[in-house]
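Engineer: Here's my sequence, what's the structure:
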Amino acid sequence: MKLFYQLLKFGIVGVLNTCITLVGIYVFYSCLSFNYAFANALGFLMGFVSSFLLNRSWTFHATGRKCVESVFFVFVFIISYLFQLSVFMILSKVADVDILISQLLSMVCFTLMNFFGHRYFTFRSRMIMDIFN
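Structural biologist: The predicted structure follows:
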């Protein structure tokens, strides 16, 4: 049951991060007149940081070293994204699945890989400390 609640919390954090990202982009671009690309980058950075902090404290109740966990958080995100991109390319180019269906299915793969990567790797304090000790 713990796994289900963590996955639910992970999803809620994802929706909240999307809102934070969009609000950040809006404020930087529309209110502060930042360049649209810079506003986009800052908005995504806000969402990424909030994702780390909320998942660390609320979803996984991690107590390890933040700096080490943040490095692993970025690593898991990159691996998850590359996996998502591979699934997307295989579905859309090799299997000839519709682009939007391919995108949707690959996003599900990204979310699951990202969740399990953070659950079993990023926020496993003892395992991370063993690596660095």
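Engineer: What residue spans form the domains of this protein?
Structural biologist: Annotated domains of the chain cover 1-61, 64-133 [automatic domain parsing].
Engineer: weakest of the ones you listed in terms of mean pLDDT?
Structural biologist: Note on these: lowest mean pLDDT is at domain 64-133, with a mean of 90.
Engineer: gap between that domain and the chain center?
Structural biologist: Taking Cα atoms, centre = their mean, to the nearest Å, one finds the center of domain 64-133 at 8 Å from the center of the full chain.
Engineer: Give me the three-state assignment for the residue nearest to the spatial centre of the chain.
Structural biologist: In the chain, the centroid-proximal residue (Cα atoms, centre = their mean) is F77; its distance is 5.6 Å. Local secondary structure at F77 is given as helix here, using DSSP: H, G, I helix; E, B strand; the rest coil.
Engineer: and it, how far is that from K93?
Structural biologist: Counting by Cβ to Cβ, to the nearest Å, the separation of F77 from K93 is 24 Å. Yep, even glycine has a C-beta here, placed from its N, CA and C like the rest.
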